[in-house]
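Student: Let me see the structure of the following:
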Amino acid sequence: MNVNYERRGSGTPLVLLHGIGHRWQAWEPVLDKLAEHHDVIAVDLPGFGESPSLPEPYSVQAAIDATVDLFGEFGLNRPHLAGNSLGGMLALELASAGHASSVTALSPAGFWATAKGRNWALRTLSMIRATGRMSERTRAAVMNTKPLRLVSGSLLFGHPSRVPVSAMLDDLTAMAAAPGFDAVARAGRDYFFTSPPPTVPATIAWGTRDRILWPVQARRAAQLLPAARHVTLPKCGHVPMHDEPDLIVRTILETSALASAKPAKETA
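Tutor: Here you go, the predicted structure:
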């Protein structure tokens, strides 16, 4: 598959997976610092950014298989993984299946205890996407009006004032145009994380201002994955890389460093 990506740095490989509707640029605030320690590959997942969609019908397993195939194309053997939202869920699934050396999941999808939490997330993301379908003039007017920008941005970010207006506009445009959005959202309606816990170092981190996947879902993650390291991201939103880039870099690097100190168990 012809997947778009950004690659920087050198060292052991680290693959970054973004959330639904996003693109590799979600990781821009942390890319260069991570690249001081790793060969970092930030990908546009299929159907987002500049990557083509997977064939219908989309499924979580198809996305996992496509990502494993991508590892093969890059010549990667069990890279470190970090993901946000949809990307966090995929990263955990890949680690559970033995395809990672370590995994850091930032507000991963799939830990909603009830349909209410899942439906809220999907409806809210669809609403944000609808904003991206407004005329270019209207989008610009909303993003360039500070009170409106802060209110709308607070759905995704804990500190929306830290996100450049240009980045917000570009993300909205990309989200509206993403051909994979609807198929991924449909698959998400039936998804719950039920896979075996990863046997490699794993961190699950959740922002206290996450208004998409509520922070209470972190409790369910802790119940299902008790051996993982569970981290609170103070005042961070659902997409925390702009909120506290140094904290996110530190969280990912601490997890990947554990892999060299703790050999992975074999996966059955």
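Student: so where do the helices sit in this structure?
Tutor: Listed in chain order, the helices found in the chain under DSSP state H are 28-35, 60-74, 86-96, 115-132, 136-143, 146-153, 165-177, 181-188, 217-224, 245-261.
Student: So what angle separates the directions of the fifth one and helix 115-132?
Tutor: Angle between the axes of helix 136-143 and helix 115-132 is 120 degrees (criterion: axes from the mean of the first three to the mean of the last three Cα atoms, to 10 degrees).
Student: swap in the last one?
Tutor: Comparing the axes of helix 245-261 and helix 115-132 via the same axes, to 10 degrees yields an angle of 130 degrees.
Student: deepest of the helices of the chain, which one?
Tutor: Neighbour counts (mean count of other Cβ atoms under 10 Å) averaged over each of the helices of the chain peak at helix 86-96, with a mean of 28. Any C-beta I mention is one placed from the backbone N, CA and C, and that applies to glycine too.
Student: Just the C-alpha atoms of that helix, please, in PDB.
Tutor: This file holds the C-alpha atoms of helix 86-96, laid out as PDB (Å, rounded to 0.1, in the frame of the first residue of the first chain):
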ATOM      1  CA  LEU A  86      -7.600   5.400  16.900                       C
ATOM      2  CA  GLY A  87      -3.800   5.200  16.600                       C
ATOM      3  CA  GLY A  88      -3.500   4.300  20.300                       C
ATOM      4  CA  MET A  89      -6.000   1.500  19.900                       C
ATOM      5  CA  LEU A  90      -4.100   0.100  16.800                       C
ATOM      6  CA  ALA A  91      -0.800   0.400  18.700                       C
ATOM      7  CA  LEU A  92      -2.200  -1.700  21.600                       C
ATOM      8  CA  GLU A  93      -3.700  -4.300  19.200                       C
ATOM      9  CA  LEU A  94      -0.300  -4.500  17.400                       C
ATOM     10  CA  ALA A  95       1.600  -4.900  20.600                       C
ATOM     11  CA  SER A  96      -0.900  -7.500  21.800                       C
END
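Student: re the thing from before, could you dump the helices of the chain to a markdown table with mean pLDDT and distance to Thr104?
Tutor: A markdown table is the format used below for the helices of the chain (pLDDT from 0 to 100; distance: least, Cβ to Cβ, whole Å):
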| stretch | mean pLDDT | distance to Thr104 |
| --- | --- | --- |
| helix 28-35 | 98 | 11 |
| helix 60-74 | 95 | 16 |
| helix 86-96 | 98 | 7 |
| helix 115-132 | 91 | 20 |
| helix 136-143 | 86 | 30 |
| helix 146-153 | 89 | 24 |
| helix 165-177 | 93 | 22 |
| helix 181-188 | 92 | 21 |
| helix 217-224 | 97 | 13 |
| helix 245-261 | 96 | 5 |
